[in-house]
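# Prediction below, plus the sequence it came from.
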Amino acid sequence: QVQLVESGGGLVQPGGSLRLSCRASGSIFSISAMGWYRQAPGKQRELVAAITNGGNTNYADSVKGRFTISRDNAKNTVSLQMNSLKPEDTAVYYCNADITHWMGASTVRTHYWGQGTQVTVSS
């Protein structure tokens, strides 16, 4: 069984910073893309940032220059450094990973989601 566990959400004032982290654990063979999505009340879930196992990154236009995604392949973790936060960044943030894991003697590739962590930007 594979799990994604997130940490680091909270309440921050506009202009402040937060760092989200997500760790994958379980019978993992390999992880390809990892990323962060967010969902604000009444809105669809949207991609915030993604990173390949080779380090190539992709960002939503709304966070470019403010957010930085990184990963540690040895520790199966992905992080999101969020700077210059704005009220419109308020949302539940979800970790996402494309994981190949062991199932018996075989491997299976599955898309996993974390449980979500609340980020609130407010004065």
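Good, I have the coordinates. Residues are numbered from 1 along each chain as shown.

# okay, CA-based contacts and neighbour counts for the rest of this
Will do.

# all strands for this protein, in order.
2-7, 10-12, 18-26, 28-39, 46-51, 57-59, 67-72, 77-82, 91-103, 106-113, 117-121 (DSSP state E).

# With mean neighbour count as added columns, please give those in TSV.
Shown next, in TSV, are these (neighbours: other Cα atoms under 10 Å):
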stretch	mean neighbour count
strand 2-7	18
strand 10-12	16
strand 18-26	19
strand 28-39	20
strand 46-51	20
strand 57-59	17
strand 67-72	20
strand 77-82	20
strand 91-103	21
strand 106-113	14
strand 117-121	20
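
# What is the neighbour count of Pro41?
For Pro41, the neighbour count with other Cα atoms under 10 Å is 9.

# contacting residues for the closest residue to it other than its chain neighbours?
Nearest residue to Pro41, sequence neighbours excluded (Cα to Cα, 6 or more residues apart in numbering): Ala91, at 7.2 Å. By Cα atoms under 8 Å, 6 or more residues apart in numbering, the contact set of Ala91 is 38-41, 118-120.

# Could you pull up the contacting residues of the most far-flung residue of the chain relative to its centre?
For the chain, the largest distance from the centre (Cα atoms, centre = their mean) belongs to Ala105, which lies 29.4 Å off. By Cα under 8 Å, 6+ apart, the contact list for Ala105 is empty.

# With that, I have no additional questions.
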